[in-house]
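Trainee: got a sequence here, can you build the structure:
(one chain, ligands or ions: 1)
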Amino acid sequence: MCTLEKRGNLFLLTLTGDDEQNRLNPTVIDSLLSALSQIKSQATPGSVLITTAHGRFLSNGFDLSWARAAGSGSDALDRLRFMVKSFKPVVAELISLPMPTIAAVTGHAAAAGFLLAISHDHILMRGDKGVLYMPEIDLGMTLPEYFAVAMREKIKSPAALRDMLLTGAKLKAVEAVKMGIVDSAHDSAESTLKGAVDLGEQLARRKLNGEVYAEIRKSLYPELCGILGLTQKDVVSKL
Ligand SMILES: CCCCCCCCCCCCC/C=C/C(=O)SCCNC(=O)CCNC(=O)[C@H](O)C(C)(C)COP(=O)(O)OP(=O)(O)OC[C@H]1O[C@@H](n2cnc3c(N)ncnc32)[C@H](O)[C@@H]1OP(=O)(O)O
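Mentor: Prediction:
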């Protein structure tokens, strides 16, 4: 599950998984969507989202145990497809959210969990524990189109894309900073969250127009917006 806390202008969204891996199953995905809808409805100039988690994992990706529990192979695949389809709106909400977004990666972020992290504008990550990992190549799974498009538009280094998607590299924070995937590495989970809050408060003081912010963000990722069904529009909030 996840919790939502408002600290002044900051919305703190925390994955508090029943299982320590914060696996993204339909229940968790629904709770994320509900929280993001609540955040969007309460957005004001200066609002900022910080997404983080408790425990060793930001998220270890989709809940494959839930898929396998379906019984037959085809039913398991149907459950996997369902999670893939259900998670797409979470990415769409983050890409279109009318405020700056910060991921405080306080543990491992793998597969859909990594996509959750890079769907934020800023990524801060603990350097003592935790890796970024795309296990699909090791699992023998291809990437859903919106995963691949998000990776291509968010990660600009061909070597980084190759290492993550074709080699299945497990990147520690310092390596991910060098690759331009993560903005900063921090000593601990606590200092990562503090860094995220400090950045959030700095951004909040700008009192940015959320509608303009969202439209400019969407203009950075046209292919991803197309896949997510997000349209773009011109906004002039003041002249
Ligand atoms: C035919 C048509 C079919 C159609 C079907 C649908 C379409 C197809 C679509 C398919 C779907 C594709 C998209 C899939 C998305 C998903 O989400 S699927 C779910 C995938 N998830 C996974 O596979 C999970 C992957 N995770 C892992 O492999 C591991 O959990 C991990 C992330 C690698 C972490 O491993 P773990 O052993 O738990 O790590 P730790 O114990 O925490 O650490 C190990 C040791 O390493 C040390 N360490 C870790 N990080 C650091 C660091 N940054 N710095 C230093 N040291 C670090 C850590 O301390 C440990 O060391 P010790 O403590 O000494 O043991």
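Trainee: flag every buried residue along the strand or helix carrying E175.
Mentor: If you go by DSSP states H and E, E175 is part of helix 173-178. Neighbour counts over helix 173-178 (16 or more other CB atoms under 10 Å) mark A173, E175, A176, V177 as buried. All C-beta atoms are positioned from the backbone trio N, CA, C, and that covers glycine.
Trainee: now pLDDT and distance to the ligand too, for the residues you listed, in TSV please.
Mentor: Converted to TSV, the buried residues of helix 173-178 look like this (pLDDT from 0 to 100; distance: CB to the nearest ligand atom, whole Å):
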residue	pLDDT	distance to the ligand
A173	98	6
E175	97	9
A176	98	9
V177	98	12
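Trainee: how about the closest residue to the ligand within the chain, nearest residue that isn't a chain neighbour?
Mentor: Scanning the chain for the residue nearest the ligand gives G61, at 2.5 Å (criterion: CB to the nearest ligand atom). Closest residue to G61 apart from its sequence neighbours, by CB to CB, 6 or more residues apart in numbering: A111 at 3.0 Å.
Trainee: number of nearby residues for the one you found?
Mentor: Burial measure for A111: 22 neighbouring residues, criterion other CB atoms under 10 Å.
Trainee: which residues touch it?
Mentor: Going by CB atoms under 8 Å, 6 or more residues apart in numbering, A111 touches N60, G61, F62, Y133, M134, P135, E136.
Trainee: among these, who's most crowded?
Mentor: Highest neighbour count within these: M134, with 28 neighbours (other CB under 10 Å).
Trainee: which residues does the nearest residue to it once chain neighbours are set aside contact?
Mentor: Distance criterion CB to CB, 6+ apart; nearest residue to M134, sequence neighbours excluded, is M164 at 4.9 Å. Taking CB under 8 Å, 6+ apart, we find M164 in contact with L132, Y133, M134, M151, I155, L171, I181.
Trainee: 10 Å - rerun?
Mentor: Residues counted as contacts of M164 (CB atoms under 10 Å, 6 or more residues apart in numbering) are 114, 132-134, 136-137, 151, 155, 157, 170-171, 176, 179, 181.
Trainee: is it true that R205 touches N9?
Mentor: Yes: between R205 and N9 there is a contact under CB atoms under 10 Å: 8.5 Å.
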